[in-house]
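**Student:** coords please:
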Amino acid sequence: TVLTDYRSGFVYNESLYPLIGFSLGLALIEGEMVLRLLRATFWLMLVMGVAFGLQKVLKKQTMGEGDYFVIFAFSLVARFQEMMQVIFLSSLIGLVVAWRFKKVSLPFVPLLGVAFCLVFVFRFFK
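**Tutor:** Here you go, the predicted model:
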């Protein structure tokens, strides 16, 4: 998913299904499935709302549909504060990369993937 978005700018359903399935399976094993689904839905709605608002202001598409599903899958596994860190860190990395390489737009899934990995690496070293 991360590599396809980076290379082509698209996130295909064929790569989303295993990611969401794995996240649902992990959430089921770890427990609190209803809470996890509510949290994932919250993050999905929040990010969609912000993206929709930015789209109206900027008059252009701000996020692709695949980005929303990746955020949903990640938020099934991440705790609330960890997901805040993932969103913040991926946005910060995106701003730095866009500024450094003078890019107008970047694929967001690779940024989410890097931030998610960093947050979870630090989770295990606490």
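
**Student:** how about the helices in this protein?
**Tutor:** Listed in chain order, the helices of the chain (DSSP state H) span 2-8, 13-30, 33-58, 65-77, 80-100, 108-124.

**Student:** hey, which of the ones you listed is tucked in deepest?
**Tutor:** The highest mean neighbour count among those, using mean count of other Cβ atoms under 10 Å, belongs to helix 65-77: a mean of 22. From N, CA and C alone the C-beta is placed, and that goes for glycine too.

**Student:** Which elements pack onto that one?
**Tutor:** Here helix 65-77 touches helix 13-30, helix 33-58, helix 80-100, helix 108-124, going by 3 or more Cβ pairs under 8 Å, 6 or more residues apart in numbering; DSSP states H and E.

**Student:** looking at this protein, which helix or strand does the model trust least?
**Tutor:** helix 2-8 (a mean of 70; mean pLDDT, DSSP states H and E).
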